[in-house]
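Chemist: Based on what follows, work out the 3D shape:
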Amino acid sequence: MQRTRRGLLLGAAAVATSAVAGCLGTSSTNSGSDDGDDTIQASFFVVSDFTSHVAAGRTVRNLVPFGQHGHGWEPGPDVQRDVLDADAFVYVGEGFQPWADKIVRNVRNDDADVRVIEAWEGIDLLGATEHDDGHDGHEEDHSDEGSHDGSENHEEGHDDGENHDGSANESHGDHDGHENSTAESHEGSQEESHDHGSKDPHFWLDPDRAKQSVDNIADGLAEMDPANESTYTENADGFKQRLTELDETYEERLSGRAKDTVLVAGHNSFRYLGERYDFHVEALTGLAPDAEPTPKDVRRAQSVIDEHDIEYILAPVFESDRAATQLVRETDATEALPLTPVPSLTEEWRAEGWGYVDVMENVNLPSLARALGAE
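Modeler: From the prediction side, this is the model:
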């Protein structure tokens, strides 16, 4: 039985996506102050990437520092100041990032001249599953457990997005962890209980829902800047065509699959992919990104591997690889493959200048095709 090495998890995924420059002269950056007047601030990597494709001639900044996901991350006072000085603030939606919700309330209470744009407005969000709800509550009682079911200590250098952005060589207080964050430091950074209520927030992994979000952003920018409405609409249409092509690529590549179930050795952030392309996702834990798997979770995963003859385990890039390593060692699974809800970028992805579409094509699709026997 082959044992997965950490390098395999990051190696295939380490062809990377960055805060990408948007089309038609837009730029997207992560952190740092911008003195320009035409600035749009964003609360999360994916929405900053979408916005950068829509907002021509404007600077788009992801407020969350590179290497953080922005879900458990807490901003300093300068972040609110940057938003109040901006023309627009794009965030995922109420309940996704508590700190962003506070900023939105402050903007509205101050009657600030900042256009607030909710990326998931009107989008049909999947409900949380029974396992998600039950596991989230169950985790609180086991948050102090050390090792789980004989699993190894978390190997240094691995980390995720659904808690939401990521970077190498930093400690990550994010929704889904990242490289060089130990299980202990990752868990410690998630002090808040990130409860999304009864909804699964990871809508952007469905290209069709992502297109609705792009429209929301374009509409919001047009309300902020009516003189350039046609430009925002044109840019949005161009990016939506790219998302349509992404969707068609997934449909074609996964249509000949031999399996219909995948196992994710992390939190349950990939259901939108499963729904869109008609396969079932089993996950080690629920929606909470900072969840630590219990021995019961590991035993359940072992049963899933046996029942569905799973050869490849999907390991979220920005989460601990400890459980994936254990499952490969202790079952008939032979390898762990990288998968990500695209909360942020690794150093390698950033160096390549990748965005959301690039990561979906070059990291997630190859791993899903292999795990589903669609190669």
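Chemist: Quick check: residue 103 is in a helix.
Modeler: Yes. Per DSSP: H, G, I helix; E, B strand; the rest coil, residue 103 lies within a helix segment.
Chemist: what sits against it?
Modeler: 43, 75, 79, 80, 83, 89, 91 (CB atoms under 8 Å, 6 or more residues apart in numbering). Where C-beta positions appear, they are placed from N, C-alpha and C, glycine not excepted.
Chemist: what packs against the lengthiest helix in the chain?
Modeler: Scanning the chain for the longest helix, with DSSP state H as the assignment, gives helix 229-254. With contacts defined as 3 or more CB pairs under 8 Å, 6 or more residues apart in numbering; DSSP states H and E, the packing partners of helix 229-254 are helix 45-54, helix 207-224, helix 271-277, helix 356-359, helix 365-371.
Chemist: Can you name the residues bridging to residue 116?
Modeler: Beta-bridge partners of residue 116, counted by DSSP bridges, are residue 89.
Chemist: So which of the contacts of residue 103 belong to helices?
Modeler: Using DSSP H, the subset of the contacts of residue 103 located in helices is 79, 80, 83.
Chemist: could I get those residues as CSV with distance to residue 350 and pLDDT?
Modeler: Shown next, in CSV, are these (distance: CB to CB, whole Å; pLDDT from 0 to 100):
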residue, distance to residue 350, pLDDT
79, 21, 90
80, 26, 89
83, 24, 95
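Chemist: Now, of these, which are buried?
Modeler: 79, 80, 83 (16 or more other CB atoms under 10 Å).
Chemist: And these, which is closest to residue 239?
Modeler: residue 83 (23.9 Å; CB to CB).
Chemist: isn't the closest one right up against residue 113?
Modeler: No. Here residue 83 lies out of contact with residue 113, judged by CB atoms under 8 Å, at a distance of 11.6 Å.
Chemist: Could you point out which residue ranges in this structure have low pLDDT?
Modeler: 1-38, 67-73, 130-197 (pLDDT under 70).
Chemist: And for residue 330, the neighbour number?
Modeler: 17 (other CB atoms under 10 Å).
Chemist: end-to-end on stretch 222-233?
Modeler: 8 Å (CA to CA, to the nearest Å).
Chemist: Could I get the buried residue list for that stretch?
Modeler: 222, 224, 225, 228, 231, 232, 233.
Chemist: what does stretch 106-121 give?
Modeler: Within stretch 106-121, judged by 16+ other CB under 10 Å, the buried ones are 107, 114, 115, 116, 117, 118, 119, 120.
Chemist: As JSON lines, the residues you listed with distance to residue 203 would be great.
Modeler: Shown next, in JSON lines, are the buried residues of stretch 106-121 (distance: CB to CB, whole Å):
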{"residue": "107", "distance to residue 203": "23"}
{"residue": "114", "distance to residue 203": "24"}
{"residue": "115", "distance to residue 203": "21"}
{"residue": "116", "distance to residue 203": "19"}
{"residue": "117", "distance to residue 203": "15"}
{"residue": "118", "distance to residue 203": "12"}
{"residue": "119", "distance to residue 203": "9"}
{"residue": "120", "distance to residue 203": "6"}
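Chemist: Pull stretch 279-293 out as CSV, backbone CA atoms only.
Modeler: C-alpha atoms of stretch 279-293 as CSV (Å, rounded to 0.1, in the frame of the first residue of the first chain):
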residue,chain,number,x,y,z
PHE,A,279,-21.7,12.9,-8.1
HIS,A,280,-21.9,12.4,-4.4
VAL,A,281,-19.4,14.0,-2.0
GLU,A,282,-18.6,12.3,1.4
ALA,A,283,-16.6,14.6,3.7
LEU,A,284,-14.7,13.9,6.9
THR,A,285,-16.4,16.8,8.8
GLY,A,286,-19.2,19.3,8.4
LEU,A,287,-19.4,22.9,7.2
ALA,A,288,-17.3,24.3,10.0
PRO,A,289,-13.8,24.9,8.4
ASP,A,290,-12.0,24.6,11.7
ALA,A,291,-13.4,21.2,12.6
GLU,A,292,-11.1,18.5,13.9
PRO,A,293,-12.2,15.0,12.8
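Chemist: Can you give me the buried ones in that stretch?
Modeler: Buried, per 16+ other CB under 10 Å, within stretch 279-293: 279, 281-293.
Chemist: what's the most distant pair in the buried residues of stretch 222-233?
Modeler: Maximum pairwise distance among the buried residues of stretch 222-233 (CB to CB): 13.6 Å, between 224 and 233.
Chemist: Residue 349: what secondary structure?
Modeler: Once three-state DSSP is applied, residue 349 turns out helix.
Chemist: wait, doesn't residue 336 sit right on residue 328?
Modeler: Yes. In this structure, residue 336 is within contact of residue 328 by CB under 8 Å, at 5.8 Å.
Chemist: quick one, strands of the chain?
Modeler: Using DSSP state E, the strands of the chain run over residues 27-30, 39-42, 59-62, 88-91, 115-118, 261-264, 280-283, 312-316, 335-339.
Chemist: looking at those, which is buried most?
Modeler: A comparison of the strands of the chain by mean neighbour count, using mean count of other CB atoms under 10 Å, puts strand 312-316 on top with a mean of 29.
Chemist: name the helices or strands packed onto it?
Modeler: Strand 312-316 packs on strand 261-264, helix 322-330, strand 335-339, helix 365-371, going by 3+ CB pairs under 8 Å, 6+ apart.
Chemist: what's the angle from that strand to strand 335-339?
Modeler: 40 degrees (axes from the mean of the first three to the mean of the last three CA atoms, to 10 degrees).
Chemist: Can you check which residues contact both of residue 224 and residue 233?
Modeler: Common neighbours of residue 224 and residue 233 (CB under 8 Å, 6+ apart) do not exist.
Chemist: Kindly present the buried ones among the ones in helices among the contacts of residue 103 as JSON lines, with separate columns for distance to residue 363.
Modeler: Listed next are those as JSON lines, based on distance: CB to CB, whole Å:
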{"residue": "79", "distance to residue 363": "29"}
{"residue": "80", "distance to residue 363": "33"}
{"residue": "83", "distance to residue 363": "31"}
